[in-house]
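Visitor: My questions concern the predicted model and sequence given below.
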Amino acid sequence: MIDPSAAFQVPAQQDEGPNGLEPLLGGQLREKAVWVDESLCIGCRYCAHVATNTFVIEPALGRSRAIRQNGDSTERIKEAIATCPVNCIQWVDFEQLDELRAQLAALELLPLGLQSSSRRRRIMALES
Ligand code: SF4
């Protein structure tokens, strides 16, 4: 079982220089948030292997989720986005995140790479 809290136990991999995020304090405020459209994700795990402090494979559905916005450098996240075979990772406005989460929650997504109860029933029917 994957523990998403593990991503918060390691230091963030920020770009060199001040990383307080607040520009007035010398940090860099990333203009966009990273978002995974989990309805399109095929669960290949490439992004989670590249930007390990940002993307986690959600254990119930087997799909990637951006759980942290300041865990990896912008370059590292760009690299992770480039690995996605279905282009389902996007830069969005921070203000869009709540609405996108609500839209995603309204969908009925099937688990990837996990045996669903209907699949188990089919296998049992074939074996009998
Ligand atoms: S690279 Fe894309 S398809 Fe693969 S797990 Fe990440 S978001 Fe999903």
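Guide: That came through, no problem. Everything numeric here is computed off the predicted structure, so don't read it as measured data.
Visitor: got the contact list for residue 42?
Guide: Residues in contact with residue 42, defined by Cβ atoms under 8 Å, 6 or more residues apart in numbering, are 85, 86, 112. In this view, the C-beta of every residue, glycine as well, is placed from N, C-alpha and C.
Visitor: Also residue 107?
Guide: Counted by Cβ under 8 Å, 6+ apart, residue 107 has contacts residue 39.
Visitor: Flag every residue of this protein that's near the ligand.
Guide: Within reach of the ligand by Cβ under 6 Å from any ligand atom, the chain has these residues: 36, 41-47, 64, 83-86, 88-89.
Visitor: Could you pick out the buried ones from these?
Guide: 36, 41, 43, 44, 45, 46, 47, 64, 84, 88, 89 (16 or more other Cβ atoms under 10 Å).
Visitor: Select from those residues every entry located in helices.
Guide: Judged by DSSP state H, those include 46, 47 as members of helices.
Visitor: For residue 98, state which of the buried ones among the residues of the chain next to the ligand is nearest.
Guide: Ranked by distance to residue 98 (Cβ to Cβ), those are led by residue 36 at 15.3 Å.
Visitor: avg pLDDT for the helix or strand hosting residue 80?
Guide: Per DSSP states H and E: residue 80 is located in helix 74-83. When pLDDT is averaged over helix 74-83, the result is 94.
Visitor: now for that helix, which elements pack on it?
Guide: Using 3 or more Cβ pairs under 8 Å, 6 or more residues apart in numbering; DSSP states H and E, the elements in contact with helix 74-83 are helix 46-50.
Visitor: In its sheet, which strands sit next to the next helix or strand after the helix it packs on, and in what direction?
Guide: Proceeding N to C from helix 46-50, the next assigned helix or strand is strand 55-58, under DSSP H and E. Paired with strand 55-58 in the same sheet, following DSSP bridges, are strand 63-66 (antiparallel).
Visitor: Tally up the residues packed near the closest residue to residue 62 other than its chain neighbours, please.
Guide: Counting by Cβ to Cβ, 6 or more residues apart in numbering, the nearest residue to residue 62 once its immediate chain neighbours are dropped is residue 112, at 3.8 Å. Residues lying near residue 112 (other Cβ atoms under 10 Å) number 17.
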